[in-house]
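Chemist: Provided below are the primary sequence and the corresponding predicted coordinates.
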Amino acid sequence: MVAASGIAPPRAAAALPSARARAAHRVGFLRSHSQVAAAAKLRCCASANDDGVVEPAAPKPRPPRVAGMGSKLIGCGSAVPSLTISNGDLSKVVETSDEWIATRTGIRSRRVLSGDETLGGLAVLAAQRALEMAQVRPEDVDLVLFCTSTPDDLFGAAGQVMAELGCSTKTLGFDITAACSGFIIGLITATQFIKGGGAYQNVLVVGADALSQYVDWTDRGTCILFGDAAGAVLVQACSPEEDGLLGFCAQSDGNGQKHLHCSGSNAKSILSKTNGVPGFPPKKGTFSCIEMNGKEVFRFAVRCVPQSIEKALEEAGLPASSIDWLLLHQANQRIIDAAATRLSIPSEKVISNLANYGNTSAASIPLALDEAVRGGKVKRGDIIAASGFGAGLSWGSAIVKWG
């Protein structure tokens, strides 16, 4: 398992633990049957009580985390397709109903690409709106991070977004593939580029996905969940005193990959003649539909997300009571509610637009943030605890100050 949480000044080397101690602390999502009576029980790396309740972080002074430049969020934007698919519409395709879907997920409708709409087009529109709010010109953007698992181009779509925005050819851009955790990973990556020196002043982080293209529309367990959208934020360099990324935590564990994936598969051979060479030519690559073990993903999310936020709060030196808004990846309302309960955050401080858009993967957090900012909920100086989680399995949290 890999974990990353913040920047700290160099510390004196500590004594290495024994092999037995290291083994005792080795963690993973799945334990063998001999280790755990209940097989396939998801465990995340953070500790919790036996009943799964997360202990609140004790308030303490913020450690001297900032090294180099600070970073702050100064603009956001979003875009969604024009076509709305309601639960009632889905009931005509698969055996389901509005009540069945809403009760289990909190979703009432979702947006889906149609006609000549593209994911890249949504991403560009969301980015333009973020730049307009930030009052930053496209040519002044130094880095574009395109967080997506469904790019229009398999080799990467950040370059296309940059070109359509009108960014300079000196601008660096690349894709980040981390599914529903993508935006949080992109946000953390942006701050690390900024802290590295003065070369990156304005970083555009775009989260966009079109999972409707990889959904089995005959499977009511997955087709009811996903929608398409794009969201973006502009992260700008600032003085260390103005730093808006107060703490973060990001982790992943491939042992849980089997519970949520969209794996590659092979179609028919590209060529009809093999000239007698065994296994040649290779078969044409493609991808299967999204496959998910909903129960295991739910268990993973309600346990690991609160603990991840607690870690980020500890890194920021803040108590949970300092949170003005809780903004989670919009996957399932029951997950959002469970996480808020475990963190003792009241419902009026929880941002949710899941009912209108469904799970939009890497777009869900910036989409919900943009609506909350433009709707007057989130104001300059507000502290937001944001957390993404999903395929990989991966998860991450960031404590940010808006504006």
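Modeler: Done, it's in. Numbering: from 1, shown residues only.
Chemist: only C-alpha atoms for contact and neighbour calcs from this point on.
Modeler: Will do.
Chemist: where's the nearest residue to S97 once chain neighbours are set aside relative to I399, distance?
Modeler: In this structure, S97 finds its nearest non-sequential neighbour in S91, 5.3 Å apart by C-alpha to C-alpha, 6 or more residues apart in numbering. Remark: distance between S91 and I399 (C-alpha to C-alpha, to the nearest Å) = 39 Å.
Chemist: the more surrounded of those two?
Modeler: More crowded of S91 and I399, by other C-alpha atoms under 10 Å: I399, with 27 against 16.
Chemist: Which helix or which strand is home to L246?
Modeler: In this assignment (DSSP states H and E), L246 forms part of strand 245-252.
Chemist: packing partners for that strand?
Modeler: Judged by 3 or more C-alpha pairs under 8 Å, 6 or more residues apart in numbering; DSSP states H and E, strand 245-252 is in contact with strand 2-4, strand 70-79, helix 182-195, helix 294-316, strand 394-401.
Chemist: which residues of the stretch 201-350 of the chain fall in strands?
Modeler: For the stretch 201-350 of the chain, applying DSSP state E, counting those that start in this stretch gives strands covering 202-210, 228-238, 245-252, 260-261, 264-269, 283-287, 291-292, 325-328, 350-351.
Chemist: So which of those strands has the densest surroundings on average?
Modeler: Comparing these by mean neighbour count (mean count of other C-alpha atoms under 10 Å), strand 202-210 comes out on top with a mean of 31.
Chemist: Tabulate the strands of the stretch 201-350 of the chain (TSV), appending mean pLDDT and distance to D175.
Modeler: Output for the strands of the stretch 201-350 of the chain, formatted as TSV (pLDDT from 0 to 100; distance: least, C-alpha to C-alpha, whole Å):
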stretch	mean pLDDT	distance to D175
strand 202-210	97	9
strand 228-238	98	14
strand 245-252	93	18
strand 260-261	64	19
strand 264-269	60	19
strand 283-287	70	19
strand 291-292	72	23
strand 325-328	98	22
strand 350-351	98	27
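Chemist: Rebuild those as TSV, extending it with distance to R110.
Modeler: Below are those laid out as TSV (distance: least, C-alpha to C-alpha, whole Å):
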stretch	distance to R110
strand 202-210	11
strand 228-238	8
strand 245-252	28
strand 260-261	20
strand 264-269	26
strand 283-287	23
strand 291-292	19
strand 325-328	18
strand 350-351	17
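Chemist: for the ones you listed, which one sits closest to T218?
Modeler: strand 291-292 (12.5 Å; C-alpha to C-alpha).
Chemist: Against P366, how distant is A320?
Modeler: Distance of A320 to P366, computed by C-alpha to C-alpha: 22 Å.
Chemist: just A340 next, same as before
Modeler: Distance, A340 to P366, using C-alpha to C-alpha: 19 Å.
Chemist: who has more neighbours, these two?
Modeler: When A340 and P366 are compared for neighbours, P366 comes out ahead with 28 against 21, by other C-alpha under 10 Å.
Chemist: weakest of the helices and strands packed on strand 245-252 by average pLDDT?
Modeler: When those are compared by mean pLDDT, strand 2-4 comes last with a mean of 42.
Chemist: Tell me what the closest residue to K311 other than its chain neighbours is bridged to.
Modeler: Leaving out its chain neighbours, the residue that sits closest to K311 by C-alpha to C-alpha, 6+ apart is C249, at 6.4 Å. Taking DSSP bridges, one obtains S397 as the residues bridged to C249.
Chemist: C249 contacts S394, correct?
Modeler: No - applying C-alpha atoms under 8 Å as the test, C249 and S394 come out as separate, 11.1 Å apart.
Chemist: pLDDT below threshold where in the stretch 51-200 of the chain?
Modeler: For the stretch 51-200 of the chain, the stretches with pLDDT under 70 are 51-67.
Chemist: could you pull out the strands for it?
Modeler: Under DSSP E, counting those that start in this stretch, the stretch 51-200 of the chain gives strands at 70-79, 83-86, 109-112, 143-147, 172-176.
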